[in-house]
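> pasting the sequence and the predicted model now:
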Amino acid sequence: MKYEQSFCKAIGEWGCYALCIINIAEEVTGLHFNILQKLEEGIDRGYISWNKNNYYDPKNFDIINPELFLAMLTGTRWSVRKESDILYKPKKDEYVVEKWERNGYGHFARTRDGYNSLQDSKCVTLGKLASLRIFKQL
């Protein structure tokens, strides 16, 4: 990857959903992944958006296909759906990613499972839970 520092900065700005998916994969497999390597592989396969000409593009790290990105990491098939009911109780075989919002900003985390890629996310601490992404292994 060219411009490694800019790439890492972009992860910090927009990579939260991808990092949550990697966190699910680590939980499921019991493995610890090289995050940079897996993000690059997801980009190369077209599962994650990346503008190689503009590392500051806010569309960078949009997840184009979360099911295939998680399948790439785990070696198994997955489904994902958006759940608007923020009080939804996941089934035993489901994994939840939360979308938090505040003042027009969004952040994905897995606070129910003790995971947040940011040390101090104002979307989580001062914002509101907007929706859930429910992942299920097929």
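Now that the structure is in, tell me what you want to look at. Residues are numbered from 1 along each chain as shown.
> who touches residue 23 in this structure?
110, 113, 115, 117 (CB atoms under 8 Å, 6 or more residues apart in numbering). C-beta here means a position set from N, CA and C on the backbone, and glycine is covered the same way.
> you'd agree the third one is up against residue 16?
No: using CB atoms under 8 Å, residue 115 is not in contact with residue 16, being 10.4 Å away.
> which one's more surrounded, the two?
Each of residue 115 and residue 16 has its neighbours counted (other CB atoms under 10 Å); residue 16 has more, 23 against 16.
> got phi/psi on that one?
Main-chain dihedrals, residue 16, degrees, to the nearest 10: phi -60, psi -40.
> now for it: which residues touch it?
Contacts for residue 16 (CB under 8 Å, 6+ apart) come out as 107, 108, 109, 117, 118.
> before we move on, which element is the spatially most central residue of the chain in?
The residue lying closest to the centre of the chain (CA atoms, centre = their mean) is residue 17, at 1.9 Å. When elements are assigned from DSSP states H and E, residue 17 belongs to helix 16-29.
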